[in-house]
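**Q** Got a sequence here, can you model it:
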Amino acid sequence: MDFFSFLGDNLQTFLTYTSFANFTLGHAAMIVVGLVFIYLAVAKEFEPMLLIPIGFGILVGNIPFKDAGLQLGIYEQGSVLNILYQGVTSGWYPPLIFLGIGAMTDFSALISNPKLMLIGAAAQFGIFGAYTLALLCGFEPTQAGAIGIIGGADGPTAIFLSSKLAPNLMGAIAISAYSYMALVPVIQPPIMRFLTSKKERLIRMKPPRVVSQTEKIVFPIIGLLLTCFLVPSGLPLLGMLFFGNLLKESGVTRRLAETARGPLIDTITILLGLTVGASTQATQFLTLNSIKIFGLGALSFIIATTAGILFVKFFNLFLGRDNKINPLIGNAGVSAVPDSARISQMVGKEYDPTNYLLMHAMGPNVAGVIGSAVAAGILLGFLG
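**A** As a prediction, the model looks like this:
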């Protein structure tokens, strides 16, 4: 009898440690969200390199367990997930992502037509618009700044800034930023069609001029000095972005450039996506603030897209007939590279299959990357 009692007690204790005994509706809701992310990545091919690690991370983070000092969860000091998550909380994953982005980005479209930089700058209005809305919703200034950066459609920048200004909101901000990056093909086209006329959609832009190798080498050096002298607090992101681009364009560091844009960025993307996803534990993530952040993120993204398109329409008032800019590339001012530029091309081809906008859209698209990092530096400088 004592043996069976002992066995029963052990079995009962074991059952208290299983996820079935600690499961809540919140965990179920987050697991559904993770499955949706994976579905969108596999079935719809929405940012699969991001959504699959994040979606699977959400599943990992929402397998409940009894807190018994086993160091399993991402928020338990010393656990494996917590150690990996320190790359997010300490903000060193995002600069390495920017290194890879710089090593894979061709700035030729922007160099050949510098005025496209203004479109990327205009699209950052979504960041400061969302910042204002977040303040009106009752968030503290530092939290509002971290939320506003979602409008830049730049996941690494959102993680970097939130790690400095609002670490307690990082999970919601990161998931929101990457969600809207993945939904670029859904969100932007209706806005683009609504804000442009058929005549404007048919505008043909002059082919970009050929950019010399010297210009490509000089650009990241001048870009670094100009942006970081203006906004030194953006140095971790901007410095790595321009460094990666110099590795690519110098022509003498091919191995380093290939490592930065290949194995390194792939490794960091896996770790960042998985740990950001795992940080969405239902007990920590499902709050009213998270819901507000998702709403504000959507508004900031819409504002950014709208601002980019409307700026082109306004700018065209001052340009000659032969130098007009197709406003369909205004959406590319957000820094979701290269998806927003592809959307410009896709929508443009609906109205004129022979009008190729991709090469032009890449100008404001890469300008948006620089612009979002500068905006993050400004917010960090004022609020940090």
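**Q** can we go C-alpha only for contacts and neighbour counts from here?
**A** Noted.
**Q** got the contact list for stretch 86-102?
**A** 156-157, 159-160, 163-164, 167, 236-238, 240-246, 248, 257, 260-262, 264-265, 268-269, 272, 275-276 (C-alpha atoms under 8 Å, 6 or more residues apart in numbering).
**Q** try 6 Å
**A** In this structure, residues lying in contact with stretch 86-102 by C-alpha atoms under 6 Å, 6 or more residues apart in numbering are 156, 160, 163, 236-237, 240-242, 244-245, 260-261, 265.
**Q** Can I get the residues you listed in JSON lines including pLDDT?
**A** Formatted as JSON lines, the contacts of stretch 86-102 follow (pLDDT from 0 to 100):
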{"residue": "156", "pLDDT": "90"}
{"residue": "160", "pLDDT": "92"}
{"residue": "163", "pLDDT": "90"}
{"residue": "236", "pLDDT": "94"}
{"residue": "237", "pLDDT": "95"}
{"residue": "240", "pLDDT": "97"}
{"residue": "241", "pLDDT": "96"}
{"residue": "242", "pLDDT": "97"}
{"residue": "244", "pLDDT": "97"}
{"residue": "245", "pLDDT": "97"}
{"residue": "260", "pLDDT": "97"}
{"residue": "261", "pLDDT": "96"}
{"residue": "265", "pLDDT": "96"}
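**Q** Just these: which are in helices?
**A** Per DSSP state H, helices hold the following members of the contacts of stretch 86-102: 156, 160, 163, 236-237, 240-242, 244-245, 265.
**Q** Take the contacts of stretch 86-102 and write them to CSV, including distance to residue 106 and neighbour count.
**A** Below are these laid out as CSV (distance: C-alpha to C-alpha, whole Å; neighbours: other C-alpha atoms under 10 Å):
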residue, distance to residue 106, neighbour count
156, 19, 25
160, 24, 28
163, 29, 20
236, 20, 20
237, 17, 28
240, 15, 22
241, 12, 28
242, 11, 25
244, 11, 27
245, 8, 28
260, 14, 25
261, 12, 23
265, 17, 22
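**Q** Max pairwise distance over those residues: which two?
**A** The span of these, defined through C-alpha to C-alpha, is set by 163 and 245 at 25.1 Å.
**Q** Residue 354 - how many residues pack around it?
**A** Neighbour count for residue 354, taken as other C-alpha atoms under 10 Å: 10.
**Q** Can you check the pLDDT for it?
**A** We have a pLDDT of 93 for residue 354.
**Q** where along the stretch 1-150 of the chain do the helices fall?
**A** Listed from the start of the chain, the stretch 1-150 of the chain has helices (DSSP state H, counting those that start in this stretch) covering 2-17, 19-22, 25-43, 48-61, 80-89, 93-104, 108-112, 117-123, 125-136, 141-148.
**Q** Just put the ones you listed in a markdown table and tack on mean neighbour count and distance to residue 218.
**A** Shown next, in a markdown table, are the helices of the stretch 1-150 of the chain (neighbours: other C-alpha atoms under 10 Å; distance: least, C-alpha to C-alpha, whole Å):
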| stretch | mean neighbour count | distance to residue 218 |
| --- | --- | --- |
| helix 2-17 | 11 | 60 |
| helix 19-22 | 14 | 56 |
| helix 25-43 | 17 | 38 |
| helix 48-61 | 24 | 31 |
| helix 80-89 | 19 | 31 |
| helix 93-104 | 25 | 14 |
| helix 108-112 | 21 | 10 |
| helix 117-123 | 26 | 17 |
| helix 125-136 | 22 | 29 |
| helix 141-148 | 28 | 32 |
